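>>> Provided below for reference: sequence and predicted model.
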Amino acid sequence: MRVAYWLMKSEPEEFSIDALKKVKREPWTGVRNYQARNFMWQQMQPGDGVLFYHSNCPVPGVVGLAEVMGEPLPDPTQFDPLSDYFDSKSDPDKPRWWMRHVGFKRKFKQVVSLDRLRGEAGALGEFALLNRGNRLSILPVSEAQWTHVLSLAEDS
DNA sequence: GCCAACGTTGGC
DNA sequence: GCCAACGTTGGC
């Protein structure tokens, strides 16, 4: 079976790796970017690896591992008028926004910081995360990048 | 279909 | 809190 790898960003004040550890499994709702939507809708497979990334915080970086769980589901927040993510143009018969569940795997002993990743830019090769101005909240990760980030998490 | 205005992301 | 980068919106 094909296993792919992803990086998913979350602001720790909104939803941290500790929060994921606590709930074990979280519906990844609220993504309103078509490229990120397409990854969740059509490209992810159950069991795919996820680098869990903390953004918009004192030390941005990869803080642990998660996995994609289950098939794509319509993001319920798009149909909830009380939600910040409500989309009046989305048709329930043809939902515009899709989500996956994300399951906790483990938390790193220490953050693999964005700074550290930048220092490893040569080894990591082309990595959307390191491109300037990158704002995508879900990015594909190669197997080599996945392995390298894991090795950075091991040593200290 | 162009593109200026606007809103959001996210590092610093 | 600032602001560069970028995606989206909407007028034309």
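Good, I have the coordinates. Numbers count the residues shown, from 1 in each chain, chains lettered A, B, ... in the order given.
>>> okay, CA-based contacts and neighbour counts for the rest of this
Will do.
>>> How about the residues of chain A by DNA strand B?
By the rule CA under 7 Å from any atom of the strand, the part of chain A lying against DNA strand B is A:9-11, A:55-58, A:60, A:114-115, A:134-137.
>>> when you check those residues against the helices, which ones overlap?
Among these, DSSP state H puts A:114, A:115 in helices.
>>> can you redo the residues of chain A next to DNA strand B as a markdown table with neighbour count, distance to residue A:145 and pLDDT?
Shown next, in a markdown table, are these (neighbours: other CA atoms under 10 Å; distance: CA to CA, whole Å; pLDDT from 0 to 100):
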| residue | neighbour count | distance to residue A:145 | pLDDT |
| --- | --- | --- | --- |
| A:9 | 23 | 16 | 97 |
| A:10 | 20 | 19 | 97 |
| A:11 | 14 | 22 | 96 |
| A:55 | 19 | 19 | 96 |
| A:56 | 12 | 22 | 94 |
| A:57 | 11 | 23 | 95 |
| A:58 | 7 | 24 | 94 |
| A:60 | 19 | 18 | 96 |
| A:114 | 18 | 14 | 96 |
| A:115 | 13 | 16 | 95 |
| A:134 | 10 | 17 | 87 |
| A:135 | 12 | 19 | 90 |
| A:136 | 16 | 17 | 93 |
| A:137 | 18 | 17 | 95 |
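>>> near DNA strand C, from the residues of chain A next to DNA strand B?
Among the residues of chain A next to DNA strand B, DNA strand C is touched by A:134, A:135 when using CA under 7 Å from any atom of the strand.
>>> for the residues of chain A next to DNA strand B, which one is nearest residue A:73?
Checking those against residue A:73 with CA to CA, the nearest one is residue A:137 at 18.2 Å.
>>> My guess is residue A:129 contacts residue A:138. True?
No. Counting by CA atoms under 8 Å, residue A:129 stays clear of residue A:138, with 9.4 Å between them.
>>> And these two? Which one has more around it.
For residue A:129 versus residue A:138, neighbours defined as other CA atoms under 10 Å are more numerous around residue A:138 (25 against 19).
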